[in-house]
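Peer 1: let's see this in three dimensions:
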Amino acid sequence: MKIFLAAAAVLITISACATVPLPHRPESQSYDQGNLKKGDHGCPTAIFVAPTGTLVQCELIEDAPAPTDAVKYFPSADAAALYVVTKIYERSHYYEYGGVIVKSPKGYAVSVPSTQHHGMDVNIDEDPESYDAPIVATYHVHPCLKNAFPGVFSPQDLAGARTANRPPYVLDECTGDLHSRAPGDGYLDLDALMKLGVGPADLMQGVQLSPGKVVGKIIVDGAVLN
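Peer 2: Predicted structure coming up:
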């Protein structure tokens with residue numbers, strides 16, 4: 001009799017379970033792995049991560065954030081230069097960084113800034129084959145250092161611009177002024193060079209420095225680093 005009652009209880013329990021409706025989920029939303037792999041073109045609907053059993057939903061393309069390395073275009077070379085030197089200053093005040101500005105049908109764009117981790121020198125890749133659009137200018141920054149004259153283009157800056165025949169930009173990190181120079185902008189005269197602090201030996205050699213023209217400005221702390 002006890003065996004019969006136990007068996008009956010099991011049957012009742014099984015029957016009760018069988019009558020409880022399972023949660024309905026449309027086939028297209030099924031967590032079945034076979035279904036998840038259907039239409040997988042590199043981003044499956046979901047990925048079941050073992051052994052924790054965590055279901056990770058894949059981002060929809062329209063919801064995914066824009067890639068951080070997407071090319072940003074600007075209406076002018078001045079705007080492009082101002083943008084990139086601002087980003088450089090946000091990340092470093094100690095080293096010279098530089099790069100190029102290119103022009104495509106979509107607008108002006110900047111190369112990724114490079115540095116040699118030096119306070120008074122930077123090498124810029126100006127090989128045309130390194131870029132998908134023509135180079136139209138260069139940019140770099142001058143850290144705020146004593147006796148380094150960050151607000152002018154150095155003889156090396158000027159020589160590079162003449163050789164490549166394209167305008168340079170430089171950020172003075174003491175003042176936040178963005179300078180650009182074009183042929184005909186002139187050079188500092190003797191009085192201005194002496195006021196700037198250029199030494200007698202350089203004056204005797206006829207050193208040429210040029211502030212060019214200020215074409216933009218960013219906010220800086222003005223702290224002298226040395």
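
Peer 1: contacts and neighbour counts: CA atoms only from here.
Peer 2: OK.

Peer 1: nearest residue to residue 106 in space, please, no chain neighbours.
Peer 2: Closest residue in space to residue 106, ignoring its immediate chain neighbours: residue 73 at 6.7 Å, by CA to CA, 6 or more residues apart in numbering.

Peer 1: what separation is there between that neighbour and residue 83?
Peer 2: 10 Å (CA to CA, to the nearest Å).

Peer 1: for residue 156, see how far away the residue nearest to residue 106 is.
Peer 2: Counting by CA to CA - residue 73 and residue 156 are separated by 29 Å.

Peer 1: for residue 185, same thing?
Peer 2: 17 Å.

Peer 1: in three-state terms, label residue 192 for me.
Peer 2: Classification of residue 192 by DSSP: H, G, I helix; E, B strand; the rest coil places it in helix.

Peer 1: ok, the one 3 residues further on next?
Peer 2: Going by three-state DSSP, the secondary structure assigned to residue 195 is helix.

Peer 1: list the beta-bridge partners for residue 99.
Peer 2: residue 139 (DSSP bridges).

Peer 1: thought it was touching residue 130?
Peer 2: No - using CA atoms under 8 Å, residue 99 is not in contact with residue 130; the gap is 11.6 Å.

Peer 1: which of the two has more neighbours?
Peer 2: Neighbour totals were compared for residue 99 and residue 130, and residue 99 leads with 24 against 11 (other CA atoms under 10 Å).

Peer 1: residues in contact with that one?
Peer 2: Shown in contact with residue 99 (CA atoms under 8 Å, 6 or more residues apart in numbering): 110-114, 124-125, 138-140.

Peer 1: same question for residue 107.
Peer 2: 73-76.

Peer 1: before we move on, the earlier item: the residue nearest to residue 106: neighbour count?
Peer 2: If you count neighbours by other CA under 10 Å, residue 73 ends up with 18.

Peer 1: that one and residue 172: what is the separation?
Peer 2: In terms of CA to CA, residue 73 sits 24 Å off from residue 172.
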